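S.K.: Test case, fold it:
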Amino acid sequence: MFDFFINDAWAQGAGQGGGGSFLFMMVLFFVIFYFFLIRPQMKQAKEHKALVSGLTKGDEVVTNGGVLGKINQVGDNFIVLEIAKETEVKVQKQAVSAVLPKGTLKTL
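M.R.: Below you'll find the predicted structure:
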């Protein structure tokens with residue numbers, strides 16, 4: 001009576017050796033992920049590390065939070081930003097997202 005709703009289960013025949021094509025597809029996916037995801041991220045991290053290591057006193061920077069300021073002190077892990085006249089903020093070096101051209105803060 002239930003044969004109409006439930007199909008009979010039959011054993012699958014012996015498969016053809018498709019292991020080589022599976023291995024090729026896995027290698028292809030890894031290559032695609034490397035060139036589109038991993039490599040650009042490593043390049044961006046390298047550029048940011050160079051930016052952070054090159055910070056000097058007097059540079060005008062933007063932090064990840066959008067704070068603009070001029071560097072007054074540079075330490076190993078922190079910098080001191082002057083964000084307004086006689087107003088200083090201590091910020092992690094890694095929080096710096098960009099270095100602005102000299103004189104940018106005066107034009108804002």
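S.K.: Spatially central residue for the protein, please.
M.R.: Against the mean C-alpha coordinate of the chain, by C-alpha atoms, centre = their mean, the closest residue is residue 41 at 5.2 Å.
S.K.: Skip the chain neighbours and tell me the closest residue to residue 79.
M.R.: residue 71 (5.3 Å; C-beta to C-beta, 6 or more residues apart in numbering). In short, each C-beta sits where N, CA and C put it, glycine included.
S.K.: Flag every buried residue along the helix or strand hosting that neighbour.
M.R.: Assessed by DSSP states H and E, residue 71 sits inside strand 68-74. Buried positions in strand 68-74, judged by neighbour count with 16 or more other C-beta atoms under 10 Å: 68-71.
S.K.: picking up where we left off before, with residue 44 as the reference, measure out to the residue nearest to residue 79.
M.R.: Taking C-beta to C-beta, to the nearest Å as the measure, residue 71 falls 22 Å from residue 44.
S.K.: again with residue 83
M.R.: As judged by C-beta to C-beta, residue 83 and residue 44 stand 26 Å apart.
S.K.: quick one, which of these two is more surrounded?
M.R.: Counted by other C-beta atoms under 10 Å, residue 83 and residue 44 do not tie: residue 83 has more neighbours, with 14 against 10.
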